[in-house]
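S.K.: The sequence and its predicted three-dimensional model are supplied below.
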Amino acid sequence: MGFSALKSEVKHGPKRSLTVAWGLDPGVLLACRQALDEGFLHEVIVTGPSEEIEAMASGASLSLEGFVLADAETPEAGSALAVSLIRQGKSDLLMKGNVSTSTILRAVLHKEHGIRSQALLSHIAVVELGNGRLVLLTDAAMNVKPDLTQKSQILDNAIQFAWSIGISMPKAAVLASVETVNPQMQDTLDAACLTVMGQRGQFSKPALVDGPLAFDNAYSKEAALHKGIKSEVAGEADIFMVQELTAGNLLYKSLSYVGGLSIAGIIYGASCPIVLTSRADSPESKLNAIVLACKGLSQGRE
């Protein structure tokens, strides 16, 4: 199953309302326009200064049919308003516009008015491999140096999201620089602990977890066999879990820029998936991220 199949499923599913926090971003507006035109959404609410948004759309020759503009004077106010609409059930999905990630996350995590649903929020990238299969990479954008407790939540978030987009009994590879447990390398110890947690059924949904695995062994069954590694996950991983942000970010950008693979990302752990894109992301990537959020929400509410 690749992004094309996912789009087909979403197009024939329930249509969602999406709210963009501080929507002064023509690339984001274009992705939302495409999502409306292709039938993934029925409404887009955009918070921010209405006159500036209208002028930006006009300059980009973008129709605002199907858009609702909700006035806000600052990025902070726009983020708070967007989160409030989700919290009140007036919109289904949240998307980051031209606002810093820290600003929108402050609104999401607000103790009284936020929409956190899990102990920890984490970033999940979905990558379409050359054979058309979708795999997950986490965490490449949020948690810098998580401890074992945080790693278990990051992995649990990814397992939940994998199930929500149709990947049943996901196989999760906990990555490290080596595939053997070394008491002097904390990442290998944590990977071994997460593997045992998976065997003991300690995650919220079933999954096959194995680690530590180096990336080559997790990605290639031939590489694993060459090293004598016997694993149900090696070469068939649905989830690649890195153990700190730098490694995840480097892998994410390598797969995108060097590998030329299609990638889309969301934040998981709130009451709805949060579409988090970069201005450098392609229009296709932004649209794919919206589709992912729609699919994840639809499955989660069935």
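M.R.: Thanks, I have it.
S.K.: C-alpha from now on. contacts and neighbour counts both.
M.R.: OK.
S.K.: Name the nearest residue to Phe161, sequence neighbours excluded.
M.R.: In space, and not counting its chain neighbours, Phe161 is closest to Gly296: 6.6 Å by CA to CA, 6 or more residues apart in numbering.
S.K.: From Ser91, how far off is the one you found?
M.R.: 15 Å (CA to CA, to the nearest Å).
S.K.: Output whichever strand or helix holds Asp190 as CSV, restricted to C-alpha atoms.
M.R.: Using DSSP states H and E, Asp190 sits in helix 186-199. Extracted C-alpha coordinates of helix 186-199, given in CSV (Å, rounded to 0.1, in the frame of the first residue of the first chain):
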residue,chain,number,x,y,z
GLN,A,186,22.8,2.7,26.3
ASP,A,187,20.9,2.7,23.0
THR,A,188,21.5,-1.1,22.7
LEU,A,189,20.3,-1.7,26.2
ASP,A,190,17.2,0.4,25.6
ALA,A,191,16.5,-1.4,22.3
ALA,A,192,16.7,-4.7,24.1
CYS,A,193,14.3,-3.5,26.8
LEU,A,194,11.8,-2.3,24.2
THR,A,195,12.0,-5.7,22.4
VAL,A,196,11.1,-7.5,25.7
MET,A,197,8.3,-5.0,26.3
GLY,A,198,6.9,-6.0,22.9
GLN,A,199,7.2,-9.7,23.7
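S.K.: Check which residues of it are buried.
M.R.: Across helix 186-199, burial judged by 16 or more other CA atoms under 10 Å covers 187-195, 198.
S.K.: Once you drop chain neighbours, what's closest to the residue nearest the centre of the chain?
M.R.: Centroid check for the chain by CA atoms, centre = their mean gives Ile266 as the closest residue, at 2.4 Å. Of all residues not flanking Ile266 in the chain, Val275 sits nearest, at 4.8 Å (CA to CA, 6+ apart).
S.K.: Kindly report the same for Ala270.
M.R.: Nearest to Ala270 is Arg116, by CA to CA, 6+ apart, at 4.2 Å.
S.K.: same deal with Ile154?
M.R.: Ser122 (5.9 Å).
S.K.: Please verify my assumption that that neighbour contacts Tyr268.
M.R.: Yes - using CA atoms under 8 Å, Ser122 is in contact with Tyr268, at 5.5 Å.
S.K.: Now the common contact residues for these two.
M.R.: Asn157 (CA atoms under 8 Å, 6 or more residues apart in numbering).
S.K.: Can you report how many residues lie near the closest residue to Phe40 other than its chain neighbours?
M.R.: Counting by CA to CA, 6+ apart, Lys11 is the residue found nearest to Phe40 once chain neighbours are left out, at 5.2 Å. Residues near Lys11, counting by other CA atoms under 10 Å, number 18.
S.K.: Ramachandran angles for Lys11?
M.R.: Here is the backbone geometry of Lys11 (degrees, to the nearest 10): phi -60, psi -30.
S.K.: is it true that it touches His42?
M.R.: No - in this structure Lys11 lies outside contact range of His42 using CA under 8 Å: 10.9 Å.
S.K.: as a whole number, average confidence for the helix or strand encompassing Glu222?
M.R.: Element membership of Glu222, judged by DSSP H and E, is helix 221-226. The average pLDDT for helix 221-226 rounds to 92.
S.K.: Check which helices and strands that helix is in contact with.
M.R.: helix 215-219 (3 or more CA pairs under 8 Å, 6 or more residues apart in numbering; DSSP states H and E).
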